[in-house]
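S.K.: Coordinates for the following, if possible.
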Amino acid sequence: MNKLELNIIDLLEYLQEMLDSSAKMPITGKVMVDKKEFKEVIDQVINYLPDQLKKAEWVMSEKDRILSEAQREFEVARRESAELKKQNVENHDLVKEAKIRANEIIALAQRDAKAIRVGSREYSNEILLELDKEVENKKIELITAMQESFEKAAKEIDERLSDTGKIIKENIAELRSM
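M.R.: Numbers count the residues shown, from 1 in each chain. Here you go, the predicted model:
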């Protein structure tokens, strides 16, 4: 409490004390007070009250203004919060859709990659089978060529050895005849 409020309370308590300590009239219960002193205290209270009333009115108007301003701010905050929630929900839905789409793209890429792997294995298998056939054919050709070459060389050697054997037999027969 401020000093002014204390003064009014003190004055009111003083008035009450005056009434309590004043002489009482028998039977009626009325009291006798010093009118001049009582009136001076009431005047002092009246002089203090306008200031107090003005302050109380100001406090009340400030209270109303602050409450009204707080209400406006609350409404603005509530609207902003609702808008933010709405955006978050929309963003949340967008994020969900993006995740779903991303998962679809990943699944598609994985399926394509698997198809490519299977296709490359099949292609590699075909190429290797063809290469194996070609190597087998070349091996047979080489062996056949080597056999023919070997037979030809063996035939030539046989012919030369036969010719040489004839010459030796002729030389032996010539030596015997001499």
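
S.K.: okay, CA-based contacts and neighbour counts for the rest of this
M.R.: OK.

S.K.: can you pull the contacts of R65?
M.R.: The contact partners of R65, by Cα atoms under 8 Å, 6 or more residues apart in numbering, come to none.

S.K.: Going by secondary structure, it is in what exactly?
M.R.: If you go by DSSP states H and E, R65 is part of helix 35-176.

S.K.: now that helix, how far from the chain's geometric center?
M.R.: 16 Å (Cα atoms, centre = their mean, to the nearest Å).

S.K.: residues in contact with the lowest-mean-pLDDT helix or strand in the chain?
M.R.: The helix or strand of the chain with the lowest confidence, counting by mean pLDDT, DSSP states H and E, is helix 3-21 at a mean of 80. The contact list for helix 3-21, computed with Cα under 8 Å, 6+ apart, reads V31, V33, F38, V41, Q44, V45, Y48, L49, Q52.

S.K.: which residue sits closest to the second one in space, ignoring its chain neighbours?
M.R.: What it means is V33. Leaving aside its sequence neighbours, V33 sits nearest to S22 (Cα to Cα, 6 or more residues apart in numbering; 5.9 Å).

S.K.: How much space separates the one you found from Y14?
M.R.: 12 Å (Cα to Cα, to the nearest Å).

S.K.: can you check D34 too?
M.R.: D34 is 13 Å from Y14, by Cα to Cα.

S.K.: So for those two, which sits in the more crowded spot?
M.R.: Ranked by neighbour count (other Cα atoms under 10 Å), D34 and Y14 place Y14 first, with 14 against 10.
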